[in-house]
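A.B. asks: Sequence below, structure please.
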Amino acid sequence: MGRILLCLGKYAAKPYFMKRAYINVYSIEELCYCLLKNGYFADEEIMDDLLPDWLEKECGLKELSGRLRQMKEEGGTVSDCAALILDHVGYGEREDIERAKSGLEKETGLSIYEKRKTRADYLAENKKYAHALKVYDSLLEELPEGGNGLRAKILHNRGVAYAGLFRFRDAAESFRLAYECTGGEASYIGYLTANRMYMEETDYLNFTSGKEQGYEQTLQVEKRMEKALEAFEGTEENRMLFTLKVCKEEGNGGSFVSYYEEIEKITDDLKEEYRQMIEE
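C.D. replies: Down below sits the predicted model:
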């Protein structure tokens, strides 16, 4: 049985904004949740005076606020401060706390560019593609010369974000640039896949046949396409539409209406999901 979680302090009237995670938190429990799930976003912001002030003024946690200030004055690290908060609240199992602390310790050795990439990756993984793209673009503008390894990773992940928005032509360009940086096979496969998605089939065949390299990679792309199709065919939505379509074609009037109603519902859901993806 897990530990009983007791709520501490007050629910804040004004939230604490975690800049790197791009999240507002309104209670110490919400803060702890973010530290456990996205601890690598805590960064140096947890070390400034804003968090202790918020804990004291908005949450009424004067003791924790004082301990946090003292730890900062004594040279405590970001991971030490996060562990102090989690221990004080009693939020999470010991292994979860240690895992979060370990993640923060690894983050300590990263450059500012690597940390910002981590933030953008998190946004992309959570389908906040438009916001992730803004971070990737600013990173590419500011990244010093010579960092081809990191540049390639940023470009590759930018390609993934573009693909998430179905902007496959832009995705192909990002993957191409990533491949030119380091020659990574994953970026080359991404480049081929993105082109496969937006090109007409004849154009794609001409595009690949004119290349001296990449035959094995084109085979991998086709296998990916087959798996994606199989995955879609196995979804509940596809099975439902197929059943309704059969009934419609057999002349069942009620199913005819249901078929188009279901298509409209799925389309509306996809539109709403896409709107959330492009929110900045």
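A.B. asks: For residue 86, grab phi and psi.
C.D. replies: Phi and psi for residue 86, reported as degrees, to the nearest 10, are phi -60, psi -40.
A.B. asks: Number the residues from 478 up from this point.
C.D. replies: With 478 as the first residue, the last one maps to residue 563.
A.B. asks: Just the CA trace of stretch 597-615, in CSV.
C.D. replies: What follows is stretch 597-615, C-alpha atoms only, in CSV (Å, rounded to 0.1, in the frame of the first residue of the first chain):
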residue,chain,number,x,y,z
ALA,A,597,11.5,21.5,-26.7
ASP,A,598,11.6,17.7,-26.8
TYR,A,599,9.2,17.5,-23.9
LEU,A,600,6.8,19.8,-25.6
ALA,A,601,7.0,17.8,-28.8
GLU,A,602,6.5,14.5,-27.0
ASN,A,603,3.3,16.0,-25.5
LYS,A,604,2.1,17.1,-29.0
LYS,A,605,2.7,20.8,-28.3
TYR,A,606,4.4,21.0,-31.7
ALA,A,607,4.0,24.7,-32.5
HIS,A,608,5.6,25.7,-29.3
ALA,A,609,8.3,23.1,-29.7
LEU,A,610,9.1,24.5,-33.1
LYS,A,611,9.6,28.0,-31.8
VAL,A,612,12.1,26.7,-29.3
TYR,A,613,13.9,24.6,-31.9
ASP,A,614,14.1,27.5,-34.3
SER,A,615,15.5,29.9,-31.7
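A.B. asks: And it, what's buried?
C.D. replies: 597-601, 604-610, 612-613 (16 or more other Cβ atoms under 10 Å). (Glycine included, C-beta is placed from N, CA and C.)
A.B. asks: now swap in stretch 491-508 and tell me
C.D. replies: 493, 495, 497, 498, 500, 502, 503, 504, 505, 506, 507, 508.
A.B. asks: Also stretch 545-562?
C.D. replies: Across stretch 545-562, burial judged by 16+ other Cβ under 10 Å covers 545-546, 548-549, 553-562.
A.B. asks: what's the answer for stretch 659-667, then?
C.D. replies: The neighbour-count criterion (16+ other Cβ under 10 Å) identifies 661, 664, 665, 666, 667 as the buried residues of stretch 659-667.
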